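Chemist: below are the sequence and a predicted model; questions follow.
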Amino acid sequence: MTENSFIPNKYKNSVDKGQYCWSSPSNIALVKYWGKRPGQIPENPSISFTLDACKTTTSLSFELKEQPNDTFNFDVIFEGKKHDEFKPKITTFFERIEPYMPFLKTYHLIIETSNSFPHSSGIASSASGMSALALCLMSLEKDLNPEISDDFFIKKASFLARLGSGSASRSVEGDLVVWGKHEAIEGSSDLFGIKYPFEVHENFKNYHDTILLVDKGEKQVSSSVGHNLMHGHPFAERRFEQGRDNLSKLLEIFKSGDIKAFIEIVESEALTLHAMMLTSKPYFILMKPNTLEIIQKIWQFRQQTGLQISFTLDAGANVHVLYPEAEASKIYEFIKTELVAYCQNGHYICDRIGFGAKQLPI
């Protein structure tokens, strides 16, 4: 499929007004995407666990404009309050997707959205938020053209979400999602995410992710800026090659159930992501002292107990503690007694693998 595959022909139906509602989860990348080409195209493929508890719920109300004009007309209501500060980002999103959703300027839209996690928690909501909005827009397009298949609906939702936030392409489905073209994964694409198509060992089913909120403040360097600093980065090409190689290795690991090998790749990917930040120009650090303390504690506990606890990081200070269902009770006790003390105000979120977005009744 190409970008042109998502440009619609003339719609068969007309719809004057209505409302849709979707919830969409966040995700945590195991092989990281850091660095992109124009059009939100990733420099290397990535794979993520879809989460379950951390999600955004968005409802989209729409009504035909009384007087047609050539502008996007919409209001944003976040957790019950009007938030105009979100409008520039959504306007940029609408500008990017308008060729694929030509009806956008014919309606006045009301976007009401809320997160299951606190907005100030340090959990990035762009993936869950943009995917939920993209799914609402696809529900409108489906009413305009009922012949849209379920498979196309999901692919286009992921395609649109990507244009709002690259990682949002991985939040439409679950439980493992690949985004980015990889020669060994049939159907993989730079344009949208796909469900991981191969066998996954029981060891990786119902995997847990406890998110330790080390720093809930706004990052001093945004992810968008960080991605752009990969242009001309001295280690960029080797990093992109490493990401592709690590995804290749995970194919066998997911099949065999080798958690030790899984941990080596996932932790290396997390530290490599932050190494790219440390060695960019300008260089920057998003980890905090407590991030490193938690990592050291996890390593010590794993060595002492043999339990298969591991960590990954997003583009921030928070630590995602990953562990299999079979060892959940012992590891969770360790998290509560030893790691929560390093969280800001003792805040953390218990999550696990989820299975993607859901349409909700109005």
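Modeler: Sure, I can see it.

Chemist: what ranges do the strands span in this protein?
Modeler: Applying DSSP state E to the chain gives strands spanning 17-31, 36-37, 41-42, 46-64, 73-78, 81-82, 107-115, 176-179, 193-195, 208-212, 310-313, 319-323, 348-352, 358-359.

Chemist: could you list every helix and strand in contact with the fourth one?
Modeler: For strand 46-64, the elements it packs on are strand 17-31, strand 107-115, helix 126-144, strand 176-179, strand 208-212, helix 236-256, strand 348-352, judged by 3 or more C-beta pairs under 8 Å, 6 or more residues apart in numbering; DSSP states H and E. C-beta here means a position set from N, CA and C on the backbone, and glycine is covered the same way.

Chemist: gap between the third one and the chain center?
Modeler: So the one you mean is helix 126-144. 15 Å (C-alpha atoms, centre = their mean, to the nearest Å).

Chemist: which parts of it are buried?
Modeler: Going by neighbour count (16 or more other C-beta atoms under 10 Å), the buried part of helix 126-144 is 126-142, 144.

Chemist: so that helix versus strand 73-78, what angle?
Modeler: If you take axes from the mean of the first three to the mean of the last three C-alpha atoms, to 10 degrees, helix 126-144 sits at 130 degrees to strand 73-78.

Chemist: what is helix 126-144 packed up against?
Modeler: Under the contact definition 3+ C-beta pairs under 8 Å, 6+ apart, helix 126-144 sits against strand 17-31, strand 46-64, helix 87-97, strand 107-115, helix 150-164.

Chemist: which among the ones you listed is found nearest to G356?
Modeler: Closest to G356 of the helices and strands packed on helix 126-144 is strand 46-64 (C-beta to C-beta; 5.8 Å).

Chemist: and the closest one, which residues are buried?
Modeler: Of all the residues in strand 46-64, those buried under the rule 16+ other C-beta under 10 Å are 46-52, 54-62.

Chemist: send the alpha carbons of it over as CSV?
Modeler: The C-alpha coordinates for strand 46-64 follow below in CSV (Å, rounded to 0.1, in the frame of the first residue of the first chain):
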residue,chain,number,x,y,z
SER,A,46,10.0,-0.7,16.1
ILE,A,47,7.9,-3.1,18.1
SER,A,48,5.9,-2.4,21.3
PHE,A,49,3.8,-3.9,24.0
THR,A,50,0.3,-2.4,23.9
LEU,A,51,-0.7,-1.3,27.4
ASP,A,52,-4.1,-1.8,29.0
ALA,A,53,-4.8,0.6,31.9
CYS,A,54,-3.0,3.7,30.5
LYS,A,55,-5.5,4.9,27.9
THR,A,56,-7.2,7.9,26.4
THR,A,57,-11.0,8.1,25.9
THR,A,58,-12.1,10.5,23.2
SER,A,59,-15.5,11.4,21.9
LEU,A,60,-16.0,13.3,18.7
SER,A,61,-19.2,15.2,18.1
PHE,A,62,-19.7,16.8,14.6
GLU,A,63,-22.2,18.9,12.8
LEU,A,64,-22.2,20.3,9.3
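
Chemist: domain ranges for this structure?
Modeler: 3-199+355-359, 206-352 (automatic domain parsing).

Chemist: got these as CSV, with mean pLDDT columns?
Modeler: As requested, those are exported to CSV (pLDDT from 0 to 100):
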stretch, mean pLDDT
domain 3-199+355-359, 96
domain 206-352, 97
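
Chemist: just those domains: most buried one?
Modeler: Greatest average neighbour count among the domains of the chain goes to domain 3-199+355-359 (a mean of 19), per mean count of other C-beta atoms under 10 Å.

Chemist: how far off centre is that one?
Modeler: Relative to its chain's centre, domain 3-199+355-359 lies at 11 Å (C-alpha atoms, centre = their mean).

Chemist: can you give me the end-to-end span of that domain?
Modeler: Start-to-end span of domain 3-199+355-359 (C-alpha to C-alpha, to the nearest Å) is 25 Å.

Chemist: was I right to think C343 contacts D215?
Modeler: No: when contacts are counted by C-beta atoms under 8 Å, C343 is not listed as touching D215 (9.3 Å).

Chemist: now do the shared contacts for those two.
Modeler: N290 (C-beta atoms under 8 Å, 6 or more residues apart in numbering).
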